[in-house]
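Undergrad: Pasting the sequence and the predicted model now:
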Amino acid sequence: FNVTFENVPENAKTAINYALAIWEERISSPISINVTVKWENLPDNQLGNGKPALFYRNFKGTPVANVFFPVALVEKILSKEYNKSGDADIICSFNKNKTWYLGTNGNTPADKYDLVTAVLHEIGHGLGISGFFSNVDGVAQYSNSSSSPAIYDYFLFNQNNQRIADKTNFACPSVELTQQLTSNSL
């Protein structure tokens, strides 16, 4: 990982780098993953958020057509930079107004939030551990104009081994899709 910090206090950088080192032990890519970490005002009910900087689908060499892949995964698949070299692949923001525990020993006091855990979680989203399903008035659909799944969505199956993102199994948008996603049987 290559990290760019924006307004992050020095005493928080150790915890952030520690979390990234945990990810580095578990994933590999021939291309460095560029992460921008921001320390900013977020809504009071939000600790942080993380996301891929870009998604791509139907790129040359795509393993699955009509499915969105986060840029860091595209670069791993292709073994080359796909966005501009040095541009962020993952963008994470953390709420500067929260009381963070900045240690790396896991002994978080009850009155603080563990920054290492939050960074691990948000980097996961940036790597693609999140999907595009949304629910509007009980009707599940994709939260993009092309009505296409993310690669994370593509690998969701129900207990009958039916791919949830396959529109021949479950129409999108539909109430039936909502029932599948909320069934506790994925």
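TA: That came in fine, so what should we check first?
Undergrad: what residues are up against the closest residue to E176 other than its chain neighbours?
TA: Nearest non-adjacent residue to E176, counting by C-beta to C-beta, 6 or more residues apart in numbering: F170, 5.5 Å away. Quick note: C-beta positions are derived from backbone N, CA and C, even for glycine. Counting by C-beta atoms under 8 Å, 6 or more residues apart in numbering, F170 makes contact with 162, 164, 176-177, 180.
Undergrad: Output those in TSV; the columns should cover distance to L47 and neighbour count.
TA: Listed next are the contacts of F170 as TSV, based on distance: C-beta to C-beta, whole Å; neighbours: other C-beta atoms under 10 Å:
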residue	distance to L47	neighbour count
Q162	35	13
I164	28	22
E176	34	14
L177	29	22
Q180	29	21
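Undergrad: My guess is N144 contacts V67. True?
TA: No - using C-beta atoms under 8 Å, N144 is not in contact with V67, being 11.5 Å away.
Undergrad: For A21, what is the enclosing helix or strand?
TA: Assessed by DSSP states H and E, A21 sits inside helix 10-26.
Undergrad: how far out from the middle of the chain is the very next helix or strand once past that helix?
TA: The C-terminal neighbour of helix 10-26 among helices and strands, as given by DSSP H and E, is strand 34-40. Centroid displacement of strand 34-40 relative to its chain, using C-alpha atoms, centre = their mean, to the nearest Å, is 14 Å.
Undergrad: and strand 34-40, which strands flank it?
TA: Applying DSSP bridges, strand 34-40 is found paired with strand 2-6 (parallel), strand 90-95 (parallel).
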